[in-house]
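Engineer: curious how this folds, go ahead:
(2 chains)
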2 protein chains.
Amino acid sequence: MTALRFEILAKDGAARSGLIEMKRGTVPTPAFMPVGTAATVKAMLPESVAETGAGIVLGNTYHLMLRPGAERIARLGGLHRFMNWPWPILTDSGGFQVMSLSSLREIGEEGVRFRSHIDGSEHFLSPERAMEIQRLLGSDIRMVLDECAPYPSTQAAIETSLALSMRWARRSKAAFGEQEDHACFGIVQGGIYPHLRRRSAEELVSIGFDGYAVGGLAVGEGQAAMFDTLDATLSHLPHDRPRYLMGVGKPDDIVGAALRGIDMFDCVLPTRSGRNGQAFTWKGPLNLRNARHADDDSPLDGACSCPACKSYSRAYLHHVVKAGEIVASMLLTWHNLTFFQDLMRTFREAVTNRMAAPFAARFLADYRASEHANGDG
Amino acid sequence: MTALRFEILAKDGAARSGLIEMKRGTVPTPAFMPVGTAATVKAMLPESVAETGAGIVLGNTYHLMLRPGAERIARLGGLHRFMNWPWPILTDSGGFQVMSLSSLREIGEEGVRFRSHIDGSEHFLSPERAMEIQRLLGSDIRMVLDECAPYPSTQAAIETSLALSMRWARRSKAAFGEQEDHACFGIVQGGIYPHLRRRSAEELVSIGFDGYAVGGLAVGEGQAAMFDTLDATLSHLPHDRPRYLMGVGKPDDIVGAALRGIDMFDCVLPTRSGRNGQAFTWKGPLNLRNARHADDDSPLDGACSCPACKSYSRAYLHHVVKAGEIVASMLLTWHNLTFFQDLMRTFREAVTNRMAAPFAARFLADYRASEHANGDG
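Structural biologist: Residues are numbered from 1 along each chain as shown, chains lettered A, B, ... in the order given. Down below sits the predicted model:
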């Protein structure tokens, strides 16, 4: 009995195209999940996020537990109602942000004690509390608490950290229990060490999860090491469960990872870049702040269906970026999320047509060549 | 021959309800014009501005001449196309912002020399240049360049300033010429001195404009002095031309001025307040930052049709305001613009039903009583 039905519709090499069916909606995979950090996908209304093609968003346990608080969101009817997003939500466990944002961390067997980056207040996160917070939020897919080891770390340090993460995974699953309407994912750790990744994958599979995430990547190891690690990991995960590469990523990372069999992605890149004046296109990223756009009456991407491309010129986008106008963040975020969803849809079609590898090669050639030509990635 | 047809549909005392018909659209009056300072109504997409009920927006000549530049906007097809607002636009002359924002101003008979508040570059604005910029922008209603005297000023200072403004009004009208598709409004000045207001009104009428604005109010004189000045001014303006009270204002200012016969308003209040966490309601303004909203599951205004009221709780709005999320600016701006348009629509209906004065009295009683009860205006 699982709350999440995963159907693979087509395969091409290691790549797969499928559907994740949940109570609140069905998500075609490979899927990109926009990040809705603090109960909002920044600079977007939820209906606009859905218009881009996104069927699931990610919520951050760390941010929500600190503000407005998990118990408060539960009293207000749960995260879906609170943020007006009735479709599936995946929440992380808070572990990653505890490591990257909070201060005065103290990690022990029981959990991690830390101070809020907002007001310095002290908090404690254990596997049990992480699962309780996600239950209070009411998210559809919940992640186990893990320790994200820094990169680079020695093999010994990774091994120690991994062992803790696996004990926490077991406690997280026990705290999650058996549920009909919610899913729980394990997270493979192990740095860039193939045998540790394998050990982690096998331990998680023996616990048994609704899906399996790959964590601890895109932390500075570089694309080649990331892809090698994926190759060493994915063969030890069950083929009939969704695989989620956490925090990835750049369009070329996503295409390479999807080609290797990843089904789910999340990243702040399209939203954060949108607020910084950067737009993703099939010909590489563009920096709208660049003066060469000031008199350019052409659209950002003539083939794109988003409002930024349909109704505005590059000159207008340049102007509002330079002037620091909120509408710049709104339009460029909308465009970037549309681009990421279009990329996923096109990749899924390529898998269906057994053209995943040629599609990836052509995509990378176009995307990287023009990145240099534009000179403003 | 005028580019603007003004039809009065109903009268109640001095108040009127009518229609301003222009090539790009028909605007019911009394009308509130959202301010689209730098080619964007801040935190809104234009189609959302239209959804609130707004039929015309204001553009700021000062901001647009400095960035991105009037000649550039003309090359890009004009302001309507640039900012994706196909309906009527009124532009001011730039005079007010030169006085309030720029540095090193030097006013002479010919015009005003000033430095940009953005980059310190030197610019010159004359009546002729102000009209040329508005022609380049392609706005539907253009304002004469005037000098906005500070408040308080001596009668002698106001008199000198007014004389210059009237000479500039004549030059502005000459530069505007006769046009079929664009309208030009004069601006009555004269401080709080009834005889100077009368002199100004009569001089402008003798020049002849498509509409008449009242300038130099809401600059610190207080509501009573503003209303007295309006009473002393409006009787000297032709009844069959629209009257525009510039930069006003607060809902109670608007109701009082509309009751006295004003047809058009503009103000940054709904948009700026929205970005500061303040929401306007029929029961007075609310500060969403206030902690008492943190657990309030009720909507901002159950009767309002805007997205903020239809899909979110006060608790959510409080959360996103506190977290500094862009969506807070988006939702509260949308709500405030909806409130201002609803207020204008309700006032127009009251005029039609010859209930303008009772409507105003009830509105003010509700609006002001609760302002105190809420304690967070």
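
Engineer: from here on, just use CA atoms for contacts and neighbour counts.
Structural biologist: Noted.

Engineer: A:Arg171: what's its closest spatial neighbour, skipping adjacent residues?
Structural biologist: A:Pro127 (6.1 Å; CA to CA, 6 or more residues apart in numbering or on different chains).

Engineer: contacting residues for that neighbour?
Structural biologist: A:Gly111, A:Val144, A:Leu145, A:Trp168, A:Ala169, A:Arg171, A:Ser172, A:Ala175 (CA atoms under 8 Å, 6 or more residues apart in numbering or on different chains).

Engineer: quick one: name the residues of chain A near chain B.
Structural biologist: A:38, A:40, A:42-45, A:67-68, A:72, A:76, A:82-84, A:295, A:297, A:311-313, A:316, A:319-320, A:323, A:325-327, A:330 (CA under 8 Å from any CA of the partner chain).

Engineer: now those: which count as buried?
Structural biologist: Burial by neighbour count, judged by 16 or more other CA atoms under 10 Å in any protein chain shown, picks out A:38, A:40, A:42-45, A:67-68, A:72, A:76, A:82-84, A:295, A:297, A:312-313, A:316, A:319-320, A:323, A:325-327, A:330 from the residues of chain A next to chain B.

Engineer: in helices, which of those residues fall?
Structural biologist: A:Arg72, A:Phe82, A:Met83, A:Tyr316, A:His319, A:Val320, A:Ile326, A:Val327, A:Met330 (DSSP state H).

Engineer: just say helix, strand or coil for the residue of the stretch 101-250 of chain A found nearest chain B.
Structural biologist: Using CA to the nearest CA, A:Ile118 is the residue of the stretch 101-250 of chain A that sits closest to chain B, at 9.6 Å. Put simply, A:Ile118 is coil when judged by DSSP: H, G, I helix; E, B strand; the rest coil.

Engineer: neighbours of it, just the number please.
Structural biologist: 12 (other CA atoms under 10 Å in any protein chain shown).

Engineer: for A:Thr61, see how far away it is.
Structural biologist: Remark: distance between A:Ile118 and A:Thr61 (CA to CA, to the nearest Å) = 14 Å.

Engineer: sorry, back to before: type out the PyMOL command that picks the buried ones from the contacts of A:Pro127.
Structural biologist: This is how PyMOL selects the buried members of these, with burial counted by 16+ other CA under 10 Å:
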select buried, chain A and resi 111+144+145+168+169+171+172+175
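
Engineer: mind listing which of the contacts of A:Pro127 are in helices?
Structural biologist: A:Trp168, A:Ala169, A:Arg171, A:Ser172, A:Ala175.

Engineer: in TSV, list those residues along with distance to A:Asn336 and pLDDT.
Structural biologist: Below are the ones in helices among the contacts of A:Pro127 laid out as TSV (distance: CA to CA, whole Å; pLDDT from 0 to 100):
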residue	distance to A:Asn336	pLDDT
A:Trp168	36	98
A:Ala169	34	98
A:Arg171	38	98
A:Ser172	34	98
A:Ala175	37	98
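
Engineer: let me know the closest of the residues you listed to A:Thr233.
Structural biologist: Each of the ones in helices among the contacts of A:Pro127 was scored against A:Thr233 by CA to CA, and A:Ala169 proved nearest at 17.1 Å.

Engineer: A:Gln179: what secondary structure?
Structural biologist: Quick answer, by three-state DSSP: A:Gln179 is coil.

Engineer: now it. Nearest residue, chain neighbours left out?
Structural biologist: Per CA to CA, 6+ apart, closest to A:Gln179 is A:Ala3, 6.8 Å.

Engineer: do the same with A:Asp92
Structural biologist: Here the residue nearest A:Asp92, using CA to CA, 6+ apart, is A:Met143, at 5.1 Å.

Engineer: so which bits of stretch A:66-79 are buried?
Structural biologist: Applying 16+ other CA under 10 Å to stretch A:66-79 flags A:Leu66, A:Arg67, A:Pro68, A:Gly69, A:Ala70, A:Glu71, A:Arg72, A:Ile73, A:Ala74, A:Leu76, A:Gly78, A:Leu79 as buried.

Engineer: figure out the length between the terminal residues of it.
Structural biologist: 14 Å.

Engineer: now swap in stretch A:346-361 and tell me
Structural biologist: End-to-end for stretch A:346-361, by CA to CA: 13 Å.
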